[in-house]
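1. sequence and computational prediction follow.
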Amino acid sequence: MKNNECCVDEKIPFFSRGKYSSHCQGGSAVYGLGLIGALVYFLQHATSFGEGVIGVLKAIVWPALLVYKAFTGLGI
C-alpha cells in the first residue's frame, strides 16, 4: 500500500493510536480543549474541596450534560 492512500483497517479499534488512526484526532482535540475550559470554569467557581472534586467530574462528562440539557430544552 502506498503512503498517500487512505487506509482504514476494520480490525483496528477507533480509539487506537496506530498509524492509521490520524483521521480521528480532530475530535480528541476539541474534547481536550473543552475539558480544559470546563475544568477552569468549574474550579474557579468552587468554594470548597468537595465542589472542586464535583467540578472535575462535571468537566469530564460535560458533553453528556450538554446533550441532555439540549434534548430537555427541545422537549425530545
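-> Sure thing, it's come through.
2. remind me which residues of the chain are low pLDDT?
-> Of all residues in the chain, those with pLDDT under 70 make up the ranges 1-26.
3. all helices for it, in order.
-> 25-44, 49-60, 62-74 (DSSP state H).
4. Pro63 and Gly50: what is the separation?
-> Applying C-beta to C-beta, to the nearest Å, the value for Pro63 to Gly50 is 23 Å. Glycine gets a C-beta too; all of them are placed from N, C-alpha and C.
5. number of residues surrounding Leu35?
-> Residues contacting Leu35 under the criterion other C-beta atoms under 10 Å number 16.
6. can you pull the contacts of it?
-> For Leu35, the contact set (C-beta atoms under 8 Å, 6 or more residues apart in numbering) comprises 59-60, 62.
7. any chance of these in JSON lines, plus distance to Gly32 and neighbour count?
-> As requested, those are arranged in JSON lines below (distance: C-beta to C-beta, whole Å; neighbours: other C-beta atoms under 10 Å):
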{"residue": "Ala59", "distance to Gly32": "11", "neighbour count": "19"}
{"residue": "Ile60", "distance to Gly32": "12", "neighbour count": "12"}
{"residue": "Trp62", "distance to Gly32": "12", "neighbour count": "18"}
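8. how about stretch 42-51: buried residues?
-> By neighbour count on 16 or more other C-beta atoms under 10 Å, the buried set for stretch 42-51 is Phe42.
9. for Ser48, grab phi and psi.
-> Ser48 has phi and psi values of phi -140, psi 170 when expressed as degrees, to the nearest 10.
10. what about the nearest residue to Tyr31 once chain neighbours are set aside, how many residues nearby?
-> Counting by C-beta to C-beta, 6 or more residues apart in numbering, Pro63 is the residue found nearest to Tyr31 once chain neighbours are left out, at 7.1 Å. Number of residues near Pro63 (other C-beta under 10 Å) recorded here: 13.
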